[in-house]
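Novice: Quick one: sequence and predicted model below, then my questions.
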Amino acid sequence: SCVSFITGFVNMPSYEEVKKDQSLFYYNYTGKDGLEKQYDHLLRGYLGYIKYQIYPDGTPHKVLDQNEPKSNYILKTTIDINIQRFIYAKLKELCDNLSVKNNQPVGGAVVLMKTNGEILALVSYPSYDPNTLEPDCNEVMKRYSFPFFLNRAIMGEYPPASTFKIITSLAALNEGIINDKDLIYCPGYFYVGNHPFYCFNTYGHGYLNIYDALAYSCDVFYYKLGYTLGIDRIKKYALLLGLGNLTNVDLPYESKGLIPDKRVKKKYLNEEWTKGDDVNTSIGQGMVLVTPIQMAVAINSIATGKKVVPFINFDNKPRIIKLNISEKNLRVIREAMRRATEIGTASIIKYRVKNCVVAGKTGTAEVIPNNFNPKGLNNTWFVCYFDFNNPEYVLVVLLEGSGGYGGEYAANLAADIINFVISK
């Protein structure tokens with residue numbers, strides 16, 4: 001079950017598949033999910049044939065044509081199976097415990113990627129047995145019919161919450177709206193017209209520079225930046241870092257997420273965009289949706305200044321694009337992320353990870369109650385790269401309906417993973 005969403009499974013060709021490719025009529029199995037589907041044309045090999053001239057009684061006379069069958073392609077992956085198993089066990093344990101505690105389903109996803117795009121672990125829970133297609137999940141999930149065929153790492157679309165403040169920071173720095181010495185005052189609220197938008201710290205943070213604003217995740221600081229930036233400039237940098245589009249990871253059924261704008265809101269909600277939408281978007285709420293693997297690409301872009309295409313097939317060559325972003329501004333954000341794990345909302349990392357310096361950011365997304373999350377418990381995030389001085393790994397942890405805060409369950413799980421990785 002720990003690799004089901006990577007390997008996928010096979011089954012008989014469907015009527016629709018045969019209709020599209022009549023050669024599939026002669027095959028017993030085709031890939032239906034994961035690498036089995038993505039590389040189906042290679043993994044199943046090619047049938048051979050012999051064409052005979054025959055006598056009237058049906059016995060062969062001579063061979064007119066023949067084609068030797070081609071054996072299956074052997075696919076080597078980038079996955080570190082020991083890390084994959086460790087993360088799956090830890091994620092499953094955490095989600096099962098929280099499901100019982102909350103008396104409603106808690107799912108999750110983890111992506112661990114090297115900075116050249118190699119995926120070392122891609123985990124989603126609940127999962128399934130690829131041989132029987134039976135769910136691997138707890139009783140609470142079964143009671144709620146919680147989706148177990150959903151690969152949350154690449155298909156799950158979630159509000160990024162405060163992890164999106166990384167993108168808003170970059171936009172504000174690159175557009176010259178703020179520099180690393182400017183101070184912005186947080187009284188605990190920000191008004192757009194007559195409507196107040198509150199900071200999670202209702203007493204206010206006082207005056208903050210961008211380092212401390214990101215470290216302590218001050219909402220008002222980012223409300224003000226979002227209000228000034230506007231959605232077009234926020235979206236520009238979100239797309240630049242890899243959000244709102246397919247990452248083109250070599251797995252099927254990837255979701256695009258959504259970076260909204262005036263046209264999108266008009267199309268789907270038939271409403272005009274407002275400055276309140278700018279403010280909501282700046283902290284990763286509102287209509288913004290991302291996948292965990294998109295966040296891995298975005299964090300990698302911050303860590304290295306380069307955007308990568310994630311991949312699992314070891315034979316694929318890394319595809320890396322140098323981004324046109326000020327290195328000075330990237331250094332500011334990296335330092336702010338380092339402070340988040342040292343003195344900020346993710347300071348648990350400093351106490352639990354001793355042998356490397358981590359740069360990260362927490363996120364706590366508000367959720368409207370729904371059939372799978374009737375209590376409306378928060379989704380929580382932790383995103384990071386390590387080591388700070390020599391980035392080698394990017395890690396994204398997403399917990400669906402966990403409740404609590406990103407610096408709580410998600411960051412603690414990340415600490416377990418980081419310690420396991422650096423101990424190898």
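Specialist: Looks like it arrived, so ask away. Just so you know, these numbers come straight off a predicted model, no measurement behind them. Residues are numbered from 1 along each chain as shown.

Novice: any weak-confidence spans in the stretch 101-250 of the chain?
Specialist: Within the stretch 101-250 of the chain, no stretch has pLDDT under 70.

Novice: residue ranges for the helices of it, please.
Specialist: Residue ranges of the helices in the stretch 101-250 of the chain, as given by DSSP state H, counting those that start in this stretch, are 139-143, 165-174, 210-216, 219-229, 231-241.

Novice: Nearest to the spatial middle of the protein, which residue is it?
Specialist: The centroid of the chain falls nearest to residue 292 when counting by CA atoms, centre = their mean (1.0 Å).

Novice: Give me the distance between that residue and residue 155.
Specialist: Per CB to CB, to the nearest Å, residue 292 is found 10 Å from residue 155. Every C-beta, even on glycine, is put in place using the N, C-alpha and C of the backbone.

Novice: Now stretch 324-335: average pLDDT?
Specialist: What stretch 324-335 shows for mean pLDDT is 97.

Novice: Put the alpha carbons of it into CSV.
Specialist: C-alpha atoms of stretch 324-335 as CSV (Å, rounded to 0.1, in the frame of the first residue of the first chain):
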residue,chain,number,x,y,z
ASN,A,324,14.5,35.5,-13.6
ILE,A,325,14.3,36.5,-10.0
SER,A,326,16.6,38.7,-8.0
GLU,A,327,19.0,36.5,-6.0
LYS,A,328,19.0,39.3,-3.3
ASN,A,329,15.3,39.0,-2.8
LEU,A,330,15.5,35.1,-2.7
ARG,A,331,18.1,35.4,0.0
VAL,A,332,15.7,37.5,2.1
ILE,A,333,12.9,34.9,1.8
ARG,A,334,15.3,32.1,2.6
GLU,A,335,16.5,33.8,5.7
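
Novice: can you pull the buried residues of that stretch?
Specialist: Neighbour counts over stretch 324-335 (16 or more other CB atoms under 10 Å) mark 325, 329, 330, 332, 333, 334, 335 as buried.

Novice: And for stretch 380-389?
Specialist: Those would be 380, 381, 382, 383, 384, 385, 386, 388, for stretch 380-389 by 16+ other CB under 10 Å.

Novice: and which of these is nearest to residue 251?
Specialist: residue 383 (20.0 Å; CB to CB).

Novice: Contact partners for the closest one?
Specialist: 163, 166, 295, 296, 299, 360, 361, 363, 394, 395, 396, 397 (CB atoms under 8 Å, 6 or more residues apart in numbering).

Novice: The last one falls within a helix, correct?
Specialist: No. Judged by DSSP: H, G, I helix; E, B strand; the rest coil, residue 397 forms no part of a helix; its state is strand.

Novice: Wait, it touches residue 123, no?
Specialist: No. Between residue 397 and residue 123 no contact is recorded; they are 9.6 Å apart, counting by CB atoms under 8 Å.

Novice: Now list whatever residues contact both of the two.
Specialist: 108, 109, 110.

Novice: With neighbour count and distance to residue 1 as added columns, please give these in JSON lines.
Specialist: Output for those, formatted as JSON lines (neighbours: other CB atoms under 10 Å; distance: CB to CB, whole Å):
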{"residue": "108", "neighbour count": "30", "distance to residue 1": "14"}
{"residue": "109", "neighbour count": "26", "distance to residue 1": "14"}
{"residue": "110", "neighbour count": "29", "distance to residue 1": "14"}
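
Novice: quick one: which of those residues sit in strands?
Specialist: Under the assignment DSSP state E, these contribute 108, 109, 110 to strands.
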